[in-house]
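*Asks:* build me a model from this:
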Amino acid sequence: MVSITRFERARLVTARALQLAFGAPPLIKPVSGDSAYGIASKELGEKVLPLVVIRRFPDGRVERIAV
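*Replies:* Model prediction:
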């Protein structure tokens, strides 16, 4: 399994937190008092995010990592 970098993780969590802030339904049961960032981080930890990391390499290869 390919792991994601800390920069990719930050990008995924902030992108999902923005979606949640604009009214997207959470994919996990949120605990009272959770922020959008906290919910997004938990979703990533439970591997329920419907997002994909796309890595482009200088030699033209493209790697898609489903999160």
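*Asks:* and for stretch 13-33, what's in contact with it?
*Replies:* The contact list for stretch 13-33 (C-beta atoms under 8 Å, 6 or more residues apart in numbering) reads 35-37, 39-44, 46, 48-51. The way it works is simple: take the backbone N, C-alpha and C, and place the C-beta from them, glycine included.
*Asks:* highest neighbour count among the residues you listed?
*Replies:* Neighbour counts for these peak at A40, which has 26 neighbours (criterion: other C-beta atoms under 10 Å).
*Asks:* where does that residue fall, phi/psi-wise?
*Replies:* The phi/psi pair for A40 (degrees, to the nearest 10) reads phi -60, psi -40.
*Asks:* try the one 4 residues further on
*Replies:* In terms of degrees, to the nearest 10, the main-chain angles of L44 are phi -70, psi -40.
*Asks:* ok, now R55?
*Replies:* Torsion angles, degrees, to the nearest 10, at R55: phi -110, psi 130.
*Asks:* contacting residues for the residue nearest to it when sequence neighbours are not counted?
*Replies:* In space, R55 comes closest to E63 once its chain neighbours are excluded; the distance is 4.2 Å by C-beta to C-beta, 6 or more residues apart in numbering. Residues near E63 by C-beta under 8 Å, 6+ apart: 2, 54-55, 57.
*Asks:* redo those residues as a markdown table? Include secondary structure, neighbour count and distance to V31.
*Replies:* Converted to a markdown table, the contacts of E63 look like this (DSSP: H, G, I helix; E, B strand; the rest coil; neighbours: other C-beta atoms under 10 Å; distance: C-beta to C-beta, whole Å):
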| residue | secondary structure | neighbour count | distance to V31 |
| --- | --- | --- | --- |
| V2 | coil | 9 | 30 |
| I54 | strand | 9 | 32 |
| R55 | strand | 13 | 33 |
| F57 | coil | 8 | 40 |
